[in-house]
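1. okay, predicted coordinates and the sequence, questions at the end:
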Amino acid sequence: MRPMTHSSLAADPYDEGFGLYVHWPFCVSKCPYCDFNSHVVERIEQTAWHDAYLRELSHFAAQTTGRTLTSIFFGGGTPSLMDPATTAAVITAARAHWNVAPDLEITLEANPGTVDAQRFADFRAAGVNRLSMGVQSLNETDLRFLGRKHSVDEARVAWRAAAKIFPRVSFDLIYARPNQDLAAWQRELQEALNEVRDNNITHLSLYQLTMEDGTVMAADYARKAFTLPDEDASSDMFERTQDLCAGAGFPAYEISNHAAPEQECRHNMIYWRGGDYVGIGPGAHGRLRLHDGAVATRQIKAPSLWLKRVSSDAHGTQAREALNTKARAEELLMMGLRLSEGVHVTRFERLTGLSMDHVVNTAATTRLIDQGFLEQKNGHLIATPGGRLALNEILRQLLAS
């Protein structure tokens, strides 16, 4: 890596933030591509979940007193199936446990078909100020392939209603689906961008379909039940996505995420910038710097077992593992290079206690800069657009000993 002098390093301009992630594990149905901790059940004891979340939240709050909370994220699963009263109780308790940023971001994930205007209003009254909607496709056939229960029309009604109630709205789409070509994806994305413009939606998450181990879809793919666009076609779709979104005022701030100015998901920025976050609920992960060092936490995945453990022990932690300095440094590099802003070197050194020059392969860094895959700018190490297309290989070379 070309040495950065102290004079060339910008002062660390960002508080990477401190967040709370709340995992709701239930869905109406299990999507075949999904490897998240989600479950389908006939009946949910909402009171039991309300009490368990507050109990586990208190456990972690006691370990992190004095922190300033910058975001809360209700993820899943399908958190729009949660009783809004539980959502409100968690938000109220979080505000009581920690100092709270004046612009606290509170996101809730929702699926079209699980909410209506009244339920949106209830979540807004609970304190949610950002809604993230899992649309996934604007093609009816592909919605069925993806296992989604809503129609395109239902999705359109839902995001239009949400945009009238929440100050910030995002929705997700998945591309590089079977039989999808560049022209078809361009038409679909343009339709989405038109809706974004007309409804004052502030954020889009655009993911390439991937086969996750252990999913129904991955098993179907392995037995050749369907084929996917090849690597060249997928790369073309990615590049066209960048061009169309940037042209519409939604440049990529992370590999798969696009936002209007100052509308980035602040909670996810905590992850990518290496900040701390508490994770509560079945299967939730957390990253915390405590008096005895940095730790990764992981909660019990099975909902019934998590409830039982929280009832007996006040928390459902399955694992609490110390993060050694090398693992922490590699994680910060891997996450930070996903961002268009890259890895801020001063922050990296503050969070790890290590010079970046001592973590990355300096010869590989210089070579990747010369080849146009990386750049150094304003105290950041940045993957260029071409570099983000080959990020796994770039990380392999950077971390080669």
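-> Ah, there it is.
2. hmm, Asn37 and Lys30 touching each other?
-> No: with the criterion set as CB atoms under 8 Å, Lys30 and Asn37 do not qualify as a contacting pair; they are 10.9 Å apart. Where you see a C-beta, it was placed from the backbone N, CA and C, and this is true even at glycine.
3. of these two, who's got more company?
-> Taking other CB atoms under 10 Å, Lys30 and Asn37 do not tie; Asn37 has more neighbours (21 against 14).
4. confirm that one sits in a helix?
-> No: checked against DSSP: H, G, I helix; E, B strand; the rest coil, Asn37 lies outside a helix; its state is coil.
5. so who does it touch?
-> Residues near Asn37 by CB atoms under 8 Å, 6 or more residues apart in numbering: His23, Pro25, Gly77, Pro282, Gly283, Lys301.
6. without its sequence neighbours, what residue ends up closest to the last one?
-> Closest residue in space to Lys301, ignoring its immediate chain neighbours: Gly283 at 4.1 Å, by CB to CB, 6 or more residues apart in numbering.
7. over to that neighbour. Which of the three states is it?
-> coil.
8. please report how far it lies from Asp35.
-> When CB to CB, to the nearest Å is the yardstick, Gly283 and Asp35 sit 11 Å from each other.
9. one more: Gln118?
-> Counting by CB to CB, the gap from Gln118 to Asp35 is 32 Å.
10. what is the burial count for the residue nearest to Lys301?
-> Counted with other CB under 10 Å, the burial measure for Gly283 works out to 22 neighbours.
11. who's in contact with it?
-> Residues touching Gly283, when contacts are defined by CB under 8 Å, 6+ apart, comprise His23, Pro25, Phe36, Asn37, Arg298, Gln299, Ile300, Lys301, Trp306.
12. where does it land on pLDDT?
-> Gly283 carries a pLDDT score of 96 in this model.
13. contact partners of the host helix or strand of Arg396?
-> Under the criterion DSSP states H and E, the helix or strand holding Arg396 is helix 391-398. With CB under 8 Å, 6+ apart as the contact definition, helix 391-398 has outside contacts at 255, 333-334, 337-338, 360-361, 364-365, 367-368, 373-374, 383, 387.
14. buried ones in that helix, by neighbour count?
-> Buried residues in helix 391-398, counting neighbours by 16 or more other CB atoms under 10 Å, are found at Ile394, Leu395, Gln397, Leu398.
15. surely Ala319 meets Ile300?
-> No: under the criterion of CB under 8 Å, Ala319 lies out of contact with Ile300, with a separation of 9.3 Å.
16. and those two? Which one has more around it.
-> The neighbour comparison of Ala319 against Ile300 (other CB under 10 Å) goes to Ile300, with 22 against 11.
17. low-confidence stretches in the protein?
-> Segments of the chain classed as low confidence (criterion: pLDDT under 70) are 1-14.
18. count of neighbours near Ala302?
-> By the criterion of other CB under 10 Å, Ala302 has 16 neighbours.
19. quick one: it from Asp83, how far?
-> In terms of CB to CB, Ala302 sits 21 Å off from Asp83.
20. in three-state terms, label the residue positioned nearest the centre of the chain for me.
-> With the centre of the chain defined as its mean C-alpha position, the nearest residue by CA atoms, centre = their mean is Asn268, 4.9 Å away. Here Asn268 is recorded as helix under three-state DSSP.
21. am I right that it is in contact with Ser256?
-> No: contact status for Asn268 versus Ser256: not in contact, 10.1 Å apart, counting by CB under 8 Å.
22. hey, what's in contact with both of those two?
-> In contact with both Asn268 and Ser256: no residue, using CB under 8 Å, 6+ apart.
23. could you chop this structure up by domain?
-> Under the assignment automatic domain parsing, the domains of the chain span 18-272, 326-398.
24. hmm, back to that, the more surrounded of Gln118 and Asp35?
-> More neighbours surround Asp35 than the other of Gln118 and Asp35, with 14 against 9 (other CB under 10 Å).
25. check contacts around the nearest residue to Glu16 once chain neighbours are set aside.
-> Excluding the flanking residues, the one nearest Glu16 by CB to CB, 6+ apart is Gly275, at 3.5 Å. Listed by CB under 8 Å, 6+ apart, the contact set of Gly275 reads Glu16, Gly17, Phe18, Gly19, Met269, Arg287.
26. let's see which of these end up in strands.
-> Among the contacts of Gly275, the ones falling in strands (DSSP state E) are Phe18, Gly19, Arg287.
27. can you check these and name whichever has the most neighbours?
-> Counting by other CB under 10 Å, Gly19 has the largest number of neighbours within those, with 26 neighbours.
28. so what pairs up with the closest residue to that one other than its chain neighbours in the strands?
-> Closest residue in space to Gly19, ignoring its immediate chain neighbours: Tyr277 at 3.9 Å, by CB to CB, 6+ apart. Listed by DSSP bridges, the beta-bridge partners for Tyr277 are Gly19, Arg287.
29. what packs against the longest strand seen in the chain?
-> As far as residue count goes, and with DSSP E defining each element, the longest strand of the chain is strand 99-110. Contact analysis of strand 99-110 by 3 or more CB pairs under 8 Å, 6 or more residues apart in numbering; DSSP states H and E lists strand 68-76, helix 84-97, helix 117-126, strand 130-136, helix 266-273 as its packing neighbours.
30. 10 Å - rerun?
-> strand 18-24, strand 68-76, helix 84-97, helix 117-126, strand 130-136, helix 152-165, strand 168-175, helix 266-273 (3 or more CB pairs under 10 Å, 6 or more residues apart in numbering; DSSP states H and E).
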